[in-house]
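Participant: how would this look folded up:
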Amino acid sequence: MHPFIVGIRFQSVGKVYHFDATGFEDLRPGDYAVVETTRGRQLGEVTQIVENPPPPPEGKWKPIIRIATPRDLVMRQLWQKKEAEALINGRAKAEEMKLQGIKIVAAEYSFDGSRLTFSFSTENDEKLDMRPLRRAMQRIYPRTQVEMHQIGPRDTAKFLGGMGACGIENRCCSCFLTDFSSVSIKMAKEQDISLTPSEITGMCGRLRCCLAYEYGHYVEARKHLPKRGKHVVTSQGEGKVIEIFPLRDAVLVDLGEESVHEFSRDDLQPWDEMETLRRKAKTSCPKHADGNCDCGKN
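Facilitator: Predicted coordinates:
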């Protein structure tokens, strides 16, 4: 019998984790459940029923403890209301202790208030000793287990939200990105995007996540289009490719004599160098037309 696996998310725009819900087959997307995580018991929302789950981490799936009760949901809301106060206290204590280069980004309670996690970022992602601050916050919240969790610049931008570098009202990471995919300069080059830092850098100071959105389409389209500098045959004659438009499945061709036109892939034929030489020979040898030519270019 195959286990009943469901995907659960703990934040509105967060990563989905898989859990064994065997015995709770009535669970459906939109329901809430209590599960055991590395950060203690958490309450999460079921987002999907996993039909063909990948191999489980560490040999087995963590099980669902129980379906969330109305009391669990109310308790979570009550503790969420206290997170803003905890965040203010954490930032004030860090400033009081004169901790340089540290930004307290968020404070999160577990659904039952047993744990309080402060997420922080540092300049240049350097590792700092946060034990003094953790002990100080533990004294302020003696009945709650206080933890400090360092996050990167992209996660920091996700927490803070705000307008994207492209001008949209909310950043992609705060709206729908649940995972941060790998992004490289190669993606910008493949799409002919300017490598000016302001053009390819997001508000987090890293390469924009959106560079990966259309990258696959560009790579696939370029496989079927001639490269720049290649000679092609068009309905208007032979020419050289001077620009490529992958998303339009077209190229810009220089036909000579200051004539430049755009052609779709279906309007192009590969350039045959030998055939071109034969045509040139016919026009350059006066005896070629009557078949008496012995120039060897027949």
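
Participant: can you pull out the strands in the stretch 1-150 of the chain?
Facilitator: 5-9, 16-20, 32-37, 40-50, 64-67, 102-109, 115-122, 145-150 (DSSP state E, counting those that start in this stretch).

Participant: If we go by neighbour counts, what in the fourth one is buried?
Facilitator: So that's strand 40-50. Within strand 40-50, the residues scored as buried using 16 or more other CB atoms under 10 Å are R41, Q42, L43, G44, E45, V46, T47, V50. Heads up, the C-betas are built off the backbone N, CA and C, glycines and all.

Participant: Any idea what the fifth one is bridged to?
Facilitator: Partner residues in beta bridges with E45, using DSSP bridges, are R9, Y32.

Participant: Is it in contact with G30, as I believe?
Facilitator: Yes. Between E45 and G30 there is a contact under CB atoms under 8 Å: 7.0 Å.

Participant: Residues contacting the lengthiest helix in the chain, please?
Facilitator: Assignment by DSSP state H gives helix 83-96 as the longest helix of the chain. With contacts defined as CB atoms under 8 Å, 6 or more residues apart in numbering, helix 83-96 is touched by 102, 104, 106-109, 116, 118, 133, 136-137, 140-141.

Participant: Type out the ChimeraX command that picks the buried ones from these.
Facilitator: Applying 16+ other CB under 10 Å to the contacts of helix 83-96, the buried members can be selected in ChimeraX as follows:
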select :102,104,106,107,108,109,116,118,133,136,137,141
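
Participant: Farthest-apart pair in the contacts of helix 83-96, please.
Facilitator: Using CB to CB, the contacts of helix 83-96 reach their maximum pairwise distance at I102 and Y109, which is 20.8 Å.

Participant: picking that back up, what comes up buried for the longest helix of the chain?
Facilitator: Within helix 83-96, the residues scored as buried using 16+ other CB under 10 Å are A86, L87, N89, G90, R91, K93, A94.

Participant: Pull the contacting residues for the closest residue to K82 other than its chain neighbours.
Facilitator: Nearest residue to K82 in three dimensions, chain neighbours excluded: Y109, at 6.5 Å (CB to CB, 6 or more residues apart in numbering). Going by CB under 8 Å, 6+ apart, Y109 touches W79, Q80, K82, E83, A86, R115, L116, T117, T144.

Participant: now do 7 Å
Facilitator: Shown in contact with Y109 (CB atoms under 7 Å, 6 or more residues apart in numbering): W79, Q80, K82, E83, L116.
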